[in-house]
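[1] Sharing a sequence plus its predicted fold:
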Amino acid sequence: MRLSGIVSRLGIQTTGYRSQGLTADMLLGSINALDYTLWILAFAALIFQGAIAAYMPLAITLLLLSTAALIGLIATTSKIPMSFAGPEEQAAIILGLVALVMNERFAEFHSPHAAAATMFAIMALSSVLMALSFYLSARFNLGRVIQVIPFPVLCGYLAGTGWLFVEAGISMNSGVDFDVGIGAALHSGADKAGIGFFFPHMYANEILVFDALIRWLPAFAAGAFIFVALQIREHWLVIPLTLIAVISIFYGIAWSHGAGIEQLRAEGWLFHVGSDADVSGLFTLDFGHIDWQFVVDMLPEMITMVAMTLLTTAVALSAMEAGTDITIDFNDELKSHAVANLGCALFLGMPGATEDAATIMAKRMGGSSRLLPLFACVLFIAAAFAGPAVISYVPKVVMGALVFYAALSLFYDYLIDACRRLSRADVATVWIVFGGVVLFDFVPALLIGLAITCIQFMVRYAQVSIVESTRLLADDPRTRVFNLQGYLFFGTVNSFFEQVKTILDGTDAGSRFIFNFDRVSGIDYTAAQTIGRMFRLLEGKQIALVCCGLKGETERTFEKAEVLAETSCTVVASAERA
């Protein structure tokens, strides 16, 4: 097979590598690499905590390498030349919850090395499932179908992710397992701060005492400062400069109190990592004793992670199409993401996807070629081997600031900004779904949101008249024609039934009603039964019935519901014959 044929089959793009501004591409690639390196540090701190914290440096190395694979593969296979990608923050927060469960069930594992291997296995398996989902979505042309999830449900869903970031930020900085869910309230113990509406005696006393407040409140303040500063002026230096200031203040205060590194680490102000502080730690992982039962138990969390990433990717691709003025083939982009997530799995990394904000910013700031993400890819590889053990000197308040900033951004984007454009009913849906995520979980919240939007749809659609027109014949004033239209479901037919009852009050016995179904696209079984009841009522009032234009699905449903079986309704082919 010729080289060009191999390249084509792999989906590798052969254009878009010629830069119109190499300096701009390299600068933007460097900015994005720095930004995502900071996030990778935060994600590693969320996931590798407690009993497996010794493997945090290894996790940083592998996350940097898997991110490099993700970016490199998407950069060379996406139709958007400057397409940028990164680990999914929703995946990180769910993996952080998995880590909390792992620490609670740590006695089940053979050793800390086996527990860490199990976590890496869950991350890699999640990436494989993500790749499979992307591929199947592309294979069965579901790229656009994914976007049918109602926008209010999606907003509440993503805002709920923000709350999980709040819980994770408080837990990471204070050392208290903070969770306001009903399930947490039922099982809260001495080391868990749980709140439940049905359990008023369970308050979050543990996180409000001075020792806990002094640990997580500064992180929240720093995250809030970053958020406000970026709202005032969006500049790439805001986050790194703020974090440098936080580190300086932290070590300044520690120095003034005479606290050394080991004391800060012992008191929980710094991350405690073991001696396996580089890629050599990979060989100490005990893959032979992976707890596969624990992996199976975490499958619901992995499926939730995949579903959330699939939804957010669909939204991100739509935003990129609008923001870059580049027409996107959704199925091609999903195939690109499938290959890229397999690359993540090879490095035991977590799922990732395209980042619409970074891609749109790069396009607007002069990014012009695939060299932009590829340069960032090279920087990630360099950072992976430059010494991730530096995390042991980074204060927890720094990572907490990033986590709280992510939470505030999600709250603002989906609970405030998005709600300004929605109706009151849709805003209520957003907040109900958000509350469902906070109190229960993602899956129950999604089901609640879908149920609410279905009810809203039925109520709204029931207000749409299925009667295109109704009139009395000029040459026969005792004959009324009802020209029906659209799809008839029980809500709209019930409204029509009430309308017919009103007309019936002023109609003499012996009159004739003609129902024209020519422009009806279909009818559900319940609606057909309602029409049958209406016909029986009309016959009881001595109204002659005529149906015309019955065909296809409408005619078959009428037969199944026996609409005409108990009436003497006349059926003709067309309105003209009626």
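    Thanks, I have the structure now. In this text, all values refer to a predicted model and were calculated from it rather than measured experimentally.
[2] only C-alpha atoms for contact and neighbour calcs from this point on.
    Fine.
[3] Number of residues surrounding the residue nearest to residue 323 when sequence neighbours are not counted?
    Distance criterion C-alpha to C-alpha, 6 or more residues apart in numbering; nearest residue to residue 323, sequence neighbours excluded, is residue 360 at 5.7 Å. Neighbours of residue 360 under the rule other C-alpha atoms under 10 Å: 21.
[4] measure residue 360 to residue 547 for me?
    Using C-alpha to C-alpha, to the nearest Å, residue 360 is found at 56 Å from residue 547.
[5] ok, now residue 16?
    Residue 16 is 62 Å from residue 547, by C-alpha to C-alpha.
[6] between these two, who's got more neighbours?
    Per other C-alpha under 10 Å, whichever of residue 16 and residue 547 has more neighbours is residue 547, with 22 against 16.
[7] Test my guess that the more buried one contacts residue 571.
    Yes - applying C-alpha atoms under 8 Å, one finds residue 547 in contact with residue 571, separated by 4.8 Å.
[8] In space, what's closest to residue 338 - neighbours in sequence excluded?
    Per C-alpha to C-alpha, 6+ apart, closest to residue 338 is residue 131, 3.9 Å.
[9] ok, how many other residues are close to that neighbour?
    27.
[10] Please apply the same query to residue 340.
    Residue 340 has 29 nearby residues by other C-alpha under 10 Å.
[11] For it, which three-state class applies?
    helix (DSSP: H, G, I helix; E, B strand; the rest coil).
[12] go on, residue 568?
    coil.
[13] For the nearest residue to it once chain neighbours are set aside, give me phi and psi.
    If the residues on either side of it in the chain are set aside, residue 568 comes closest to residue 545, at 7.4 Å by C-alpha to C-alpha, 6+ apart. Main-chain torsions, residue 545, degrees, to the nearest 10: phi -110, psi 140.
[14] With residue 211 instead?
    Dihedral angles for residue 211 - degrees, to the nearest 10 - are phi -60, psi -30.
[15] per-residue confidence for it?
    Reading off the confidence values, residue 211 has pLDDT 87.
[16] what's the offset of stretch 337-357 from the middle of its chain?
    Remark: stretch 337-357 is offset 16 Å from the chain centroid, using C-alpha atoms, centre = their mean, to the nearest Å.
[17] what is the mean pLDDT for it?
    pLDDT averaged over stretch 337-357 gives 94.
[18] can you tell me the distance between the two ends of it?
    End to end - C-alpha to C-alpha - stretch 337-357 spans 17 Å.
[19] Can you mark which positions in it are buried?
    337-345, 347-356 (16 or more other C-alpha atoms under 10 Å).
[20] how does the chain divide into domains?
    16-175+209-439, 467-572 (automatic domain parsing).
[21] So which of the ones you listed is nearest residue 453?
    domain 16-175+209-439 (7.3 Å; C-alpha to C-alpha).
[22] And that closest one, how far out from the chain middle?
    13 Å.
[23] And for stretch 455-464?
    26 Å.
[24] element containing the closest residue to residue 68 other than its chain neighbours?
    Counting by C-alpha to C-alpha, 6+ apart, residue 68 lies nearest to residue 377, which is 4.6 Å off, once chain neighbours are set aside. Assessed by DSSP states H and E, residue 377 sits inside helix 371-384.
[25] picking up where we left off before, which secondary structure elements does the strand or helix carrying the residue nearest to residue 338 sit against?
    Counting by DSSP H and E, the element that carries residue 131 is helix 112-139. In terms of contacts (3 or more C-alpha pairs under 8 Å, 6 or more residues apart in numbering; DSSP states H and E), helix 112-139 is packed against helix 89-104, helix 292-297, helix 299-324, helix 330-346.
[26] mean confidence score for it?
    Mean predicted lDDT for helix 112-139 stands at 95.
[27] Between the helices and strands packed on helix 112-139, which one is closest to residue 225.
    helix 89-104 (20.3 Å).
[28] for that closest one, which positions count as buried?
    In helix 89-104, the ones that count as buried by 16+ other C-alpha under 10 Å are 89-100, 102-103.
[29] How about stretch 220-232?
    By neighbour count on 16+ other C-alpha under 10 Å, the buried set for stretch 220-232 is 220, 221, 222, 223, 224, 225, 226, 227, 230.
[30] I am finished for the moment; much appreciated.
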